[in-house]
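Enquirer: Need a 3D model of the sequence below.
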Amino acid sequence: MGERHEMRWGGLAGIGAVVFAVVGRIVMGPMPQLTSPVGTVTMYLATHRAHIMWGTVLFAIGIALFLWFGAALSTAFRRADEAGDAPTVVLAGFILVSTLAFMAISVFAGMTYAMTEYRTLLLFAPAPYATMTVVGTVAGVATALTFAAITVANARTRLLPRWMALFAGIVAVIRLLAAFTLGITGGVLVPGGWLETYVPGILAALWVLAASGLLVREHLPTLRMRAPRVMGPRRA
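Expert: Residues are numbered from 1 along each chain as shown. Predicted coordinates for the structure are as follows:
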C-alpha cells in the first residue's frame, strides 16, 4: 500500500468534522447575537437547554475529527517537505484551534447547564454569553494562522492545487479581519453576527471539504511522485 492511502481516513475525518459541526449548529437552534436584549439570551438558554447539550456533543465529535484531518494534512505536507517548518506550524495550528474550540464549547455547555439548573443565575446570563462570543472572535486569529501556514506549506510543496492555496489564503485574511470587529458595538459587523461568524466559518468548511475530497481521492501528485520504490535484490 502506498503512502497516500494512509491519507484517506484523514479525508473522511475532515468530511465528518464538517457534517457534525453543521448538524450540531442546527440542533442548537437560533442563537442570540451579542446585541440581543437580555431577555432574549435568558429565554434562549432556558428553552434550548437540551438542544445545547446535544449540540455540544456533536460539536465535540466534530472537533476531534477536525484534529484528525489536520494531523493527516500536516503529515502529507511533512512527507513532501521534510526540512521545512511550515508542516509543523500547520499541525500546531490545528492543535491550537481544536483546543480552543473544545474548551469554548465545553465551557458554554457547562455554563448553560449550571444556569438552567439554578434558575436565579439566568439573570446574569448575558454577561458570560457575551464573554463566550468575544472569546470565539479572538480565537479566530488561531484559525487565520492555521490557514496562512497551509498557504505557505502548499507554496513550498505544491501538494494541493494552486487554487486551494489561494482559497486558504483568502480564508486566513477574512478570518483575521473578522477578529478586528471586536471594536464594533452595533450593525452587521458586530461580534457574533452573520458576517463575523458565519461567512468565515462557511468558507473554512468549504475548504476543509475540498481538501478532504482530495485526500479521499488520493489526488496528491507530490506524494505519488515520492511513493517508495520497491528495491530489487542486490547484486553481488
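Enquirer: just for this protein, where's the confidence low?
Expert: The model of the chain has pLDDT under 70 over residues 1-6, 184-189, 191-194, 218-236.
Enquirer: which stretches of it form helices?
Expert: For the chain, helices defined by DSSP state H occupy the ranges 7-28, 38-47, 49-80, 86-117, 126-157, 162-179, 199-216, 221-225.
Enquirer: export these to TSV and tack on distance to Val190 and mean neighbour count?
Expert: The way it works is simple: take the backbone N, C-alpha and C, and place the C-beta from them, glycine included. Formatted as TSV, the helices of the chain follow (distance: least, C-beta to C-beta, whole Å; neighbours: other C-beta atoms under 10 Å):
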stretch	distance to Val190	mean neighbour count
helix 7-28	19	19
helix 38-47	14	17
helix 49-80	22	21
helix 86-117	19	18
helix 126-157	9	20
helix 162-179	11	18
helix 199-216	13	19
helix 221-225	43	14
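Enquirer: show me the contacts for Ala60.
Expert: 102, 105-106 (C-beta atoms under 8 Å, 6 or more residues apart in numbering).
Enquirer: typed the wrong thing, it's Ser74
Expert: Contacts of Ser74 by C-beta under 8 Å, 6+ apart are 87-88, 90-91, 94.
Enquirer: could you measure the residue nearest to it when sequence neighbours are not counted against Gly140, distance?
Expert: Spatial nearest neighbour of Ser74, chain neighbours left out: Leu91 (3.7 Å); criterion: C-beta to C-beta, 6 or more residues apart in numbering. Here Leu91 is placed at a distance of 19 Å from Gly140 (C-beta to C-beta, to the nearest Å).
Enquirer: try Tyr44
Expert: 23 Å.
Enquirer: quick one: contacts for Ala149?
Expert: Neighbours of Ala149 in contact, by C-beta under 8 Å, 6+ apart: 86, 89-90, 93.
Enquirer: Find the nearest non-adjacent residue to it, please.
Expert: Val89 (4.1 Å).
Enquirer: give the contact list for that neighbour.
Expert: 145, 149, 152-153.
Enquirer: let's go with 10 Å and repeat that
Expert: 74, 77, 145-146, 148-150, 152-153 (C-beta atoms under 10 Å, 6 or more residues apart in numbering).
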